[in-house]
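K.L.:
coords please:
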Amino acid sequence: MIAEVFREFGYEGASLGRITERTGLGKGSLYHFFPGGKVEMAREILAHVDHWFVENVFRPLERDAPREAIEGMWAATADYFHSGRRICLVGAFALDETREPFASEIRIYFARWIKALRGAMARGGVDAREARLLAEAAVGGIQGALVLARAMNDPKLFTRRLVHMADEIDRALSAAKSPR
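P.N.:
Next up is the predicted model:
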């Protein structure tokens, strides 16, 4: 519930007043659970998001068979972002003027996603350089598609971009397995 306030209003706009209004918790209760105030709330939310992605995206990409893990990543990503109807909180914090307190968490999240996807493609036979470029393009493309879908008020745009990026990576995996 608190995370949705940050999603809707950003870090700066997620005032304690808005948080109490949306959650029904008083300021005393919020400070009881989050003695560090809004910064602690944001850190907890980022940790929760990171945990979800570790379990549902990063670890499968790092451990599972490449094609299945990558297909799972696309499905989990579409599900998590409600097929383009939900912004990326980590991405929003990265763009916010107040990103500095969270710079490490943001960097680690995106770096692990790129590394995990790159590794899955490399295990699938894709050249290391191409795997890196495709992984960066995919993670950046997901973020960009979220922004564009929201700006255009067209969640289907997000889904179309995921399908296109999935096809691109699938072609690279198929080419890696075929004789050259």
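
K.L.:
now do the phi/psi pair for the most centrally placed residue in the chain.
P.N.:
By Cα atoms, centre = their mean, the chain has its centre lying nearest to Cys88, at 5.5 Å. Cys88 adopts backbone torsions of phi -90, psi 110, taken as degrees, to the nearest 10.

K.L.:
test my guess that it contacts Ala149.
P.N.:
No. With contacts counted by Cβ atoms under 8 Å, Cys88 stays clear of Ala149, the gap being 11.2 Å. All C-beta spots, glycine's among them, are computed from the backbone N, C-alpha and C.

K.L.:
can you list residues touching both of those two?
P.N.:
Common contacts of Cys88 and Ala149 (Cβ atoms under 8 Å, 6 or more residues apart in numbering): none found.

K.L.:
ok, now which ones touch Ile87?
P.N.:
Contacts of Ile87 (Cβ under 8 Å, 6+ apart): Arg7, Phe81, Leu146, Val147, Arg150.

K.L.:
so it, which of the three states?
P.N.:
coil (DSSP: H, G, I helix; E, B strand; the rest coil).

K.L.:
for Ala3, see how far away it is.
P.N.:
To Ala3, Ile87 is 11 Å away according to Cβ to Cβ, to the nearest Å.

K.L.:
returning to that earlier point: nearest residue to the residue nearest to the centre of the chain other than its sequence neighbours?
P.N.:
Residue nearest to Cys88 in three dimensions, not counting chain neighbours: Leu146, with 5.4 Å by Cβ to Cβ, 6 or more residues apart in numbering.

K.L.:
how far does the helix or strand harbouring the one you found sit from the chain's center?
P.N.:
Here Leu146 sits within helix 128-152, counting by DSSP states H and E. Computed by Cα atoms, centre = their mean, to the nearest Å, the chain-centroid distance of helix 128-152 equals 11 Å.

K.L.:
other residues contacting that helix?
P.N.:
For helix 128-152, the external contacting residues (Cβ under 8 Å, 6+ apart) are 77, 81, 84-85, 87-88, 91, 110, 113-115, 117-119, 121-122, 126, 155-158, 161-162, 165, 168-169, 172.

K.L.:
list the buried ones in stretch 91-109?
P.N.:
Across stretch 91-109, burial judged by 16 or more other Cβ atoms under 10 Å covers Gly91, Ala92, Phe93, Ala94, Asp96, Phe102, Glu105, Ile106, Tyr109.

K.L.:
quick one: residues contacting the fifth one.
P.N.:
Contact partners of Asp96, counting by Cβ under 8 Å, 6+ apart, are Gly10, Tyr11, Glu12.

K.L.:
how close does it sit to Ala14?
P.N.:
Remark: distance between Asp96 and Ala14 (Cβ to Cβ) = 10 Å.
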